[in-house]
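1. Sequence and predicted structure are below.
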Amino acid sequence: MIYLSRLINAAIVDAEGVRLGALGDIAVDIREPLPRVTGLWLRGDRSKLAIIPWDFVAGVHDSEIRLRVARHHLQPRPLQPEELLLAGVLDTQVVDTDGVKVVRVNDLHLMPANGDVRLIAVDVGTMGLLRRLNLDRPVDWLARMFSGPLPDRVIPWKIVAAFGGPMTPVKLSVSRERLREIHPADLGQLMEDLDRDERVEVMTVLEHEDAADALAEADPDVQSDVMKSLPSELAADILEEMSPDDATDVLTDLPAARAEELIGLMGPEEAADVKELLKYPEGTAGSVMTTEFIALPEGLTADQTLARLRDLAPTSEHIYYFYVVDGQHRLAGVLPLRALIVARADQPIAGIITRDVISIFAYDEVENVAAALIKYDLLALPVVDEINRLVGVITLDDIIDVVVRKGRRRIPMRFRRRAASTHARAVTR
C-alpha cells in the first residue's frame, strides 16, 4: 500500500542520483473508475505546473522516488484537463455514496496494479490524520500496548463522489454518475453538510428533474441558498420541474426581487400555477396545496373515464382519489377507484360517486387540514374556493412536510365536514 501523505515531500532523484527536488503532488487520470497515476509535480510554483510523466518513474519508496532517466532527458508537460492533483483532495469534503454522508479526506491510498499505480481508497479515519502528522506509528504502538490497534476508516474510491475546485478543474464525470445514484431524499439531506459551491455543483450535475426532486427534500435554508447561488436560467428550469406547491415554498423564502426574476424566467404555465398559490397567505390550505390534480366531468361514463385516465397517465400522487366536478367546476364528489373498476362500461359516473365529501376551504389554516386528514384517515383532501369550485388538492405528504418544517408537535383538531352541495362558505379565521 502507498499512502499519499508519506509520498508528499519525498525526494525525487534522477537515474544519476541527482536530487531534483521534493514531490509536491501526484496527478491521476480521473476518468477511470480507479484513477491511474499519470505524473509527478515537483514542489514549486503551482501557476507553472510541469508534470513529470509517470513513465519516467523507476521505483517508489516512502522517502524517495527514483527516476529511470537522467534529468536532461526528462520531458515535463502541462497538467491535462482529465487529470486531478491528489493533494488538493486532502482536507476536502467528499460524499460516501454508500453510507450517504459527507466525510473529510485525511489521506489517500494508492496501490500498484499491473504495472500501474491506482487510487483505490479514501482514508477518513484518525490514522490517516496521524499519518500526515507523522504520528501514526508511535500512536498505533501505544494503542496496541494498552487498548488494541486503532481502527481504520477507509472508503473505496468506487463509492466516492468528489467535487471540483480551483485546483481540480477536471469535470468529474465519474462523480456525477455516483451522485445521480443517490435517492433524492438522501441527496436533499446530504446538501445540508455541503458548502455553497458544492451545493451548486450538485444541482449542476443532476438532470433538472432529479435536481428538483432533491431540492424539494432539502431544508428551507438550503433551498434558499441554492436558489440564490444558481445561475438564474438554471434555477428557473429546476423550479419548472418541481410541483407547484414545492416551487412556491422555495420562492416564498427568497427575496422578493429574486423570486420575481425567477418566476419571469419560468414557462407560462408553470409561472401561472405558482402565481396562483402565492396569492394565498402563508399557513393557509391554499398556500400548501398543489394545482396538479385530475378533475373529471360528472357527465362521463365509466368507460369514458377509464379512457380519460389512460390519456392523462396519472402519477402515484394523483390516484389517491379522483375528484368529479360539475359544469361550473364545482366539486360534485369523489370517485372511488374500486367503484370505477366494477361499474358497467356505459354507466355514468354521476351515479357511483360519493357526494358527501370532506373538503377544505382554501383560506382555512393548515392545522385544520392536518386534523381532517388524521381524523378521517385520508391520504388527500380537495381544496375549494368560496363557491365550492375545486382549486387544488392537499396530500398527506404535503402536510407532513409542513409540520416537520415548522416543528409542530400538537395539531389542534379543528375542522368540519363539508358536503359537496355547499356552494357558499365563510372564511375561517
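-> The structure has been received and is ready for your questions.
2. Roughly how far does the closest residue to residue 373 other than its chain neighbours sit from residue 255?
-> Taking CB to CB, 6 or more residues apart in numbering as the measure, residue 373 lies nearest to residue 396, with 5.5 Å between them; neighbours along the chain are not counted. No exception for glycine: its C-beta is placed from N, CA and C like everyone else's. The gap separating residue 396 from residue 255 is 32 Å, by CB to CB, to the nearest Å.
3. Neighbour count for these two, which is higher?
-> Neighbours were counted for residue 396 and for residue 255 using other CB atoms under 10 Å; residue 396 has more, 17 against 11.
4. my read: that one touches residue 378, true?
-> Yes. In terms of CB atoms under 8 Å, residue 396 counts as a neighbour of residue 378; the distance is 7.3 Å.
5. what touches both of the two?
-> Shared contacts of residue 396 and residue 378 (CB atoms under 8 Å, 6 or more residues apart in numbering): none.
6. Tell me how many other residues crowd residue 262.
-> Neighbour tally, residue 262, other CB under 10 Å: 25.
7. Equivalent analysis for the one 5 residues further on, please.
-> Residue 267: 12 surrounding residues under other CB under 10 Å.
8. could you point out which element follows the lowest-mean-pLDDT helix or strand in the chain?
-> Lowest on mean pLDDT, DSSP states H and E among the helices and strands of the chain sits helix 136-146, with a mean of 65. Next in sequence after helix 136-146, counting helices and strands by DSSP states H and E, comes strand 154-156.
9. tell me which strands and helices that next one is in contact with?
-> Other helices and strands packing on strand 154-156, by 3 or more CB pairs under 8 Å, 6 or more residues apart in numbering; DSSP states H and E, are strand 116-123.
10. hey, C-alpha coordinates of the strand it packs on in CSV?
-> Listed next in CSV are the C-alpha coordinates belonging to strand 116-123 (Å, rounded to 0.1, in the frame of the first residue of the first chain):
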residue,chain,number,x,y,z
ASP,A,116,0.3,1.0,-12.9
VAL,A,117,-0.4,2.7,-9.6
ARG,A,118,-4.0,3.5,-8.9
LEU,A,119,-6.0,5.4,-6.4
ILE,A,120,-8.1,2.9,-4.6
ALA,A,121,-9.5,4.4,-1.4
VAL,A,122,-10.1,7.5,0.8
ASP,A,123,-8.9,7.4,4.4
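11. Check the average confidence over the helix or strand hosting residue 52, would you?
-> Per DSSP H and E, residue 52 falls inside strand 51-53. Here strand 51-53 scores 93 as its mean pLDDT.
12. And for stretch 213-221?
-> The model assigns stretch 213-221 a mean pLDDT of 91.
13. Same check on stretch 326-340?
-> Here the average pLDDT along stretch 326-340 is 91.
14. before we move on, what about stretch 163-178?
-> 54.
15. With stretch 110-127 instead?
-> What stretch 110-127 shows for mean pLDDT is 89.
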